[in-house]
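J.: Okay, predicted coordinates and the sequence, questions at the end:
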Amino acid sequence: MQLDIRNYYEVMLMEILSEEGLLDELPEDYMSDLACVTLNQLPVRYVHHLVDTYFYNDNNEQQQMRNEIYEALEKSRAFLKSRLDQRA
């Protein structure tokens, strides 16, 4: 049996990466690493239907989650850059 659930932070992260144009700019391997490092810093919020999150979360909560993602994303980019610099 496969459940139709997903981590809402993952969905929001992918939306942000798309909005920022990073999905088209950066190599797929780097994007995978960036997403993993970023998501590992965030809590997990599983949802069954995405529409439920829009109904149950208010705008302040949505913005707080986005801010958490941006902060984690910034840390992740710095971390990955430092790792690449060490290899060079």
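T.: Right, received. Where do you want to start? Numbers count the residues shown, from 1 in each chain.
J.: Can you list the low-confidence ranges for this protein?
T.: 52, 54-56, 88 (pLDDT under 70).
J.: Mind jotting down where the strands sit in it?
T.: 6-7, 46-47 (DSSP state E).
J.: So which residue is dead centre in the chain?
T.: Geometric centre of the chain, nearest residue: L13, 2.6 Å, by CA atoms, centre = their mean.
J.: what packs against the helix ranked longest in the chain?
T.: Longest helix in the chain by number of residues, with DSSP state H as the criterion: helix 59-87. On a contact count with 3 or more CB pairs under 8 Å, 6 or more residues apart in numbering; DSSP states H and E, helix 59-87 meets helix 8-19, helix 28-39. Every residue, glycine included, has its C-beta placed from N, CA and C.
J.: Same list, the ones you listed, but as JSON lines with distance to V47 please.
T.: What follows is those, written out as JSON lines (distance: least, CB to CB, whole Å):
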{"stretch": "helix 8-19", "distance to V47": "5"}
{"stretch": "helix 28-39", "distance to V47": "15"}
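J.: Nearest to I69, out of these?
T.: Closest to I69 of these is helix 8-19 (CB to CB; 5.4 Å).
J.: any idea how far the closest one is from the chain center?
T.: Centroid separation between helix 8-19 and its chain, computed with CA atoms, centre = their mean, to the nearest Å, is 5 Å.
J.: Sort out which residues of it are buried, please.
T.: 8-10, 12-13, 16-17 (16 or more other CB atoms under 10 Å).
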